[in-house]
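**Q** Need a 3D model of the sequence below.
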Amino acid sequence: TYEDIEALPVGWVGEIVEDLLYASPRPVPRHLRVASRLGALLAMPFELVPGGPGGWWFLDGPELHLGRDVLVPDLAGWRRERVPEPPHDVPWLTQAPDWVCEVLSPSTEKADRFRKLPVYHRAGVRHAWLIDPARRSLEVFHHGAGGWAPGARHEGDVIARVEPFEAVTLALDLLWLPRREAERGERTPSTR
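**A** Residues are numbered from 1 along each chain as shown. Predicted coordinates for the structure are as follows:
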């Protein structure tokens, strides 16, 4: 129940997926940096810059109540033609986004990929991205009749047009930490 989420320790994120509680600590800076940079890269042309393609608004880490499920994607976007403005006075949203992005980590990948993606599909989300900072990859999925249909997979420091934001190019190298920083960031405190 939502009371289980509220009872989690400070600094933990709770999600309810198919009546199961998933709890995880807040993401590490490497994870947050990828999500923040991606949000900035998309918000500039699609939400903030006059004369850009426009048509979207985005939120970092919104709490989504989709039926009985409570999900917190790393990023979500809504098309303005469907949802003109974000609500301003609610702690969570009940309107499914048109696009979600999950930044994968070893502790969340299975839940993101195998538990949350099906819920997003059932809720009518049209596009989903899975970003793996360790592998420097971006997987694209679009809503199909029987489930998610895989789209393009982008790896490394490529510049790509990625659905549903193909109106602009996305330089993936701006998302990744330099290799030396990434290697340092992967160490646990006990190995330093």
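
**Q** Tell me how far the lengthiest helix in the chain lies from the chain's centre.
**A** Across the chain, the helix with the greatest residue count (assigned by DSSP state H) is helix 29-43. The chain centroid and the centroid of helix 29-43 are separated by 10 Å under CA atoms, centre = their mean, to the nearest Å.

**Q** who are the neighbours in contact with Arg26?
**A** If a contact means CB atoms under 8 Å, 6 or more residues apart in numbering, then Arg26 has 11-13 as its contacts. Quick note: C-beta positions are derived from backbone N, CA and C, even for glycine.

**Q** from those residues, which has minimum pLDDT?
**A** Of all the contacts of Arg26, Gly11 carries the smallest pLDDT score, 85.

**Q** Go ahead and report the secondary structure state at Pro73.
**A** coil (DSSP: H, G, I helix; E, B strand; the rest coil).

**Q** follow-up on the earlier one: who does the longest helix of the chain touch, helix- and strand-wise?
**A** Under the contact criterion of 3 or more CB pairs under 8 Å, 6 or more residues apart in numbering; DSSP states H and E, helix 29-43 touches strand 56-60, strand 75-79, strand 99-103, helix 179-186.

**Q** Apply 10 Å and report the result again.
**A** When contacts are defined as 3 or more CB pairs under 10 Å, 6 or more residues apart in numbering; DSSP states H and E, helix 29-43 packs onto strand 56-60, strand 75-79, strand 99-103, strand 127-132, strand 170-171, helix 179-186.

**Q** Tell me which of these sits most buried.
**A** strand 99-103 (a mean of 24; mean count of other CB atoms under 10 Å).

**Q** Quick one: name whatever helix or strand follows that strand.
**A** helix 109-110 (DSSP states H and E).

**Q** buried ones in stretch 57-70?
**A** 57-60, 62-66, 69-70 (16 or more other CB atoms under 10 Å).

**Q** on that earlier part again, quick one: mean pLDDT for the longest helix of the chain?
**A** pLDDT averaged over helix 29-43 gives 93.

**Q** still on that earlier bit, most neighbours among the contacts of Arg26, which one?
**A** Of all the contacts of Arg26, the highest neighbour tally under other CB atoms under 10 Å goes to Val13, namely 16 neighbours.

**Q** so what's that one bridging to?
**A** Assessed by DSSP bridges, Val13 has beta-bridge partners Ser24.
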